[in-house]
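Novice: structure of the sequence below:
(one chain, ligands or ions: 1)
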Amino acid sequence: MAEVVESATVREQRTLLRPDFIWSLLLFAVAAATIAVLGAQQGVLAGPYGWGTGGFFLLFGLFTITMGFPHPGFGHVSFDRVAQVASLLLLGPLDAAWINGLASFIWPWHRLWKGVTAKDVLTASLHNAGLMSLVILACGTLYVELGGAVPLFELNGTTAGLLLLLLLSMQLANDAGMLLLIYLRHLDPTRLLNVFSSAVEIVSGIIAVVVTIVFVRLDLTTLALLLFVLGLGMLVLKQFAIMRDRLEKLVDERTEELRLKSIELERQATHDTLTGLFNRRFADDYLQREMEAAKRTDRDLTIALADIDHFKKINDSYSHATGDEVLRRVSRLLVNRCRKTDIVARYGGEEFLLCFPDTNIEFATQICGQIRTAIEKMDWSVLQGAVPADFGITISFGVAAVGSDTRRTTVLGVADTRLYKAKSEGRNRVVA
Ligand SMILES: Nc1nc2c(ncn2[C@@H]2O[C@H](COP(=O)(O)OP(=O)(O)OP(=O)(O)O)[C@@H](O)[C@H]2O)c(=O)[nH]1
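Specialist: Below you'll find the predicted structure:
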């Protein structure tokens, strides 16, 4: 059967009172009670095949589940339908139900060693055992009631039809039970149930018919050979699935690495590494695009070139590292003081370009004035030790509005001339 494997988060949140546990317990209780009542009435392993065959099918059931393989969509797919159908066709519905129910109950407990909680293992055990034994009991009884042969000696038209009905009804009942569990766990059913797992189970059922006929004819050499080939086939499929699983994980990991790398490369191409601001290349492209858009839609666009005053002195007097830290802190302040729609870029060493879309020159000048004051009042105590207590910096601005000339160099030239004017008039000022 295909088995739902939960994500860690779902697992962590789970308590015994969750609906899926209650449903699993209910299934198990109904299955156990039915088997107990029928067992008391009919007796177990009362047919021609005794406890030896029962033990064989319990071990074979466990083997077919163990030979299951991981599937990215729906957790675990196993070949247990081979053991279920073969035991049903030899021993009858009741014995097949409890033997395979027991195998389904035992198997999940090895997950305790893989770090799965006891609560989750118990839920899986109860659910798998309850569902499988009820499915075998119900569908097997229907098969027998309609005249299906137990033990099955040979195939003819009627038996083939009944066997097909048995396999399909088992599949439908199994999927219905799984869907209910998926619904109770709020998982996505399209991801967990699909044609593939049903096909594996139906093919397993068909193989079971062959196993039964060989078994019942007591052709032990052929049976041993068949089981050997079957086991080998399961093992190969399992290894293949494990390899595919690993490969898919590897591909996913590499894809994610590439995605992150391309994001990083894109960031590096458009951002300045020291300050994290947009770089000059990005700013130039952006400005050109915005200027054309502003002209087309007749909107305001104002830019400002800002330059830290006497920055060279900071480097020379206190170290290049201190100069870098000043650049970083000033950059942060510029971004914080501008709107999300504005663009702040590092345009040169200690020069910044600010673009204010939908803003006229008066308002942009006002914003630059506020930034100038904030920079003048910046608290530099964080650089204590590296700079004297009275350390402070100022900044000068040249502001220009985009006019009818939509050449980037024109407006940048105007802003630069005004910045030069601000510097030559004594610095720490905004010239518009
Ligand atoms: N620490 C540091 N300094 C830089 C960086 N980029 C440029 N600089 C320095 O910034 C200084 C700029 O000096 P100038 O162009 O003479 O201007 P200024 O000293 O700010 O003088 P005014 O602009 O006229 O007020 C130079 O010494 C550059 O080496 C950087 O990334 N980090």
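
Novice: which of the helices or strands spans the residue in the stretch 151-300 of the chain that the ligand sits nearest to?
Specialist: The shortest separation between the stretch 151-300 of the chain and the ligand is 5.4 Å, found at Leu274 (distances taken as Cβ to the nearest ligand atom). Backbone N, C-alpha and C define where each C-beta goes, glycine included. Secondary structure here is read from DSSP states H and E; on that basis Leu274 sits in neither a helix nor a strand.

Novice: contact partners for it?
Specialist: Taking Cβ atoms under 8 Å, 6 or more residues apart in numbering as the contact definition, Leu274 lies against 324, 327-328, 346.

Novice: just the residues you listed: which are in strands?
Specialist: In this view, the contacts of Leu274 that belong to strands under DSSP state E are Arg346.

Novice: could I get the contacts of Leu274 as TSV with pLDDT, neighbour count and distance to Val402?
Specialist: TSV is the format used below for the contacts of Leu274 (pLDDT from 0 to 100; neighbours: other Cβ atoms under 10 Å; distance: Cβ to Cβ, whole Å):
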residue	pLDDT	neighbour count	distance to Val402
Asp324	96	14	32
Leu327	97	21	27
Arg328	97	14	29
Arg346	97	23	21
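
Novice: same for the ligand: which of the contacts of Leu274 are within range?
Specialist: Taking Cβ under 6 Å from any ligand atom as the test, the ligand is in contact with 324, 327 out of the contacts of Leu274.

Novice: nearest to the ligand, of the contacts of Leu274?
Specialist: Within the set of these, Asp324 lies nearest the ligand; the separation is 4.6 Å, counting by Cβ to the nearest ligand atom.

Novice: excluding covalently adjacent residues, which one is nearest to the closest one?
Specialist: Closest residue in space to Asp324, ignoring its immediate chain neighbours: Leu274 at 6.1 Å, by Cβ to Cβ, 6 or more residues apart in numbering.

Novice: quick one, grab the pLDDT at the one you found.
Specialist: As predicted, Leu274 sits at a pLDDT of 96.

Novice: try Ala83
Specialist: Predicted confidence (pLDDT) for Ala83: 95.

Novice: so it versus the ligand, what's the distance?
Specialist: According to Cβ to the nearest ligand atom, to the nearest Å, Ala83 stands 72 Å off from the ligand.

Novice: which ones are touching the closest residue to that residue other than its chain neighbours?
Specialist: When the adjacent residues along the chain are set aside, Ala83 lies closest to Gly61, with 3.9 Å between them (Cβ to Cβ, 6+ apart). Contacts were defined as Cβ under 8 Å, 6+ apart; by that measure Gly61 touches 80, 83-84, 87, 99-100, 102-104.

Novice: then Thr158?
Specialist: With contacts defined as Cβ under 8 Å, 6+ apart, the neighbours of Thr158 are Gly147.

Novice: let's see that with 10 Å instead.
Specialist: Going by Cβ atoms under 10 Å, 6 or more residues apart in numbering, Thr158 touches 146-149.

Novice: before I go, just wanted to say thanks for your time.
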